[in-house]
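Q: Based on what follows, work out the 3D shape:
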Amino acid sequence: MSAGSFNWALNCKESQTCGYTMFGGEKYYVLNIHMHSPSEHWLNGKQYPLEAHIVHLTPEGKPLVIATMFETYDADAYPVRVYENANMLYGTNPFLKSILNNVAKGKQEFPVHLGSIIDASKGYCSYVGSLTTPPCTEGVTFMMAQKVQMMNPKQAREYLRTAGACVDGNARPIQELNGRQVTCYIK
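A: Numbering: from 1, shown residues only. Here you go, the predicted model:
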């Protein structure tokens, strides 16, 4: 794990050993996972509290980022009994719980099950853009899952705390399309 300005990244310890994704007939190997709050992409006209980026590279260095949005449920909008049922139904997102617990404990090495948040069952949108952090390299293929993951509101706050981000978050402002074509595959 490495920390940057208002973020941390979970890096693959050894190149090409943390799994891969096939896209467009090419094999992209997982490089790292990091998050942004609020989301850097809008999905169906909405910005979400958290967005995970799973960064991949081909052996030749061609980048691919799989993005997954996280939504919170409003724990204060319901009576306690309804909230408890929602917590049992949605619960604490186990993917985030595992990462946040390990980060909070200062662990430098731990397994992460990426398959639990990569869910294309509702489809995805794809476009070629740029990295969202310096040097903002162009030519990055983004895939945004249409299925939004649920998380406990406390997890959103805990991410910001562990990342050292301010209450405004650590996301790059939404960028104009600038002629980019977004293709969606909706199921």
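Q: Identify the residues contacting the most centrally placed residue in the chain.
A: By Cα atoms, centre = their mean, the mean C-alpha position of the chain lies nearest to Ala52, the distance being 0.7 Å. Contact partners of Ala52, counting by Cβ atoms under 8 Å, 6 or more residues apart in numbering, are Ile33, His34, Met35, Ala67, Thr68, Phe70, Ile117. For every residue, glycine as well, the C-beta is placed using N, CA and C.
Q: Which of these has the largest number of neighbours?
A: The residue in those with the most neighbours, by other Cβ atoms under 10 Å, is Thr68 (28 neighbours).
Q: And that residue, which helix or strand is it part of?
A: Thr68 belongs to strand 63-72 when elements are defined using DSSP states H and E.
Q: if you average pLDDT over that strand, what comes out?
A: For strand 63-72, mean pLDDT rounds to 93.
Q: go on, stretch 177-187?
A: Mean pLDDT, stretch 177-187: 89.
Q: how about it: buried residues?
A: For stretch 177-187, the neighbour count (16 or more other Cβ atoms under 10 Å) marks no residue as buried.
Q: check contacts around the nearest residue to Tyr127 once chain neighbours are set aside.
A: In space, Tyr127 comes closest to Val182 once its chain neighbours are excluded; the distance is 4.5 Å by Cβ to Cβ, 6 or more residues apart in numbering. Going by Cβ under 8 Å, 6+ apart, Val182 touches Cys125, Ser126, Tyr127.
Q: go on, Ile118?
A: Residues touching Ile118, when contacts are defined by Cβ under 8 Å, 6+ apart, comprise Thr21, Ile54, Ile66, Thr68, Ala145.
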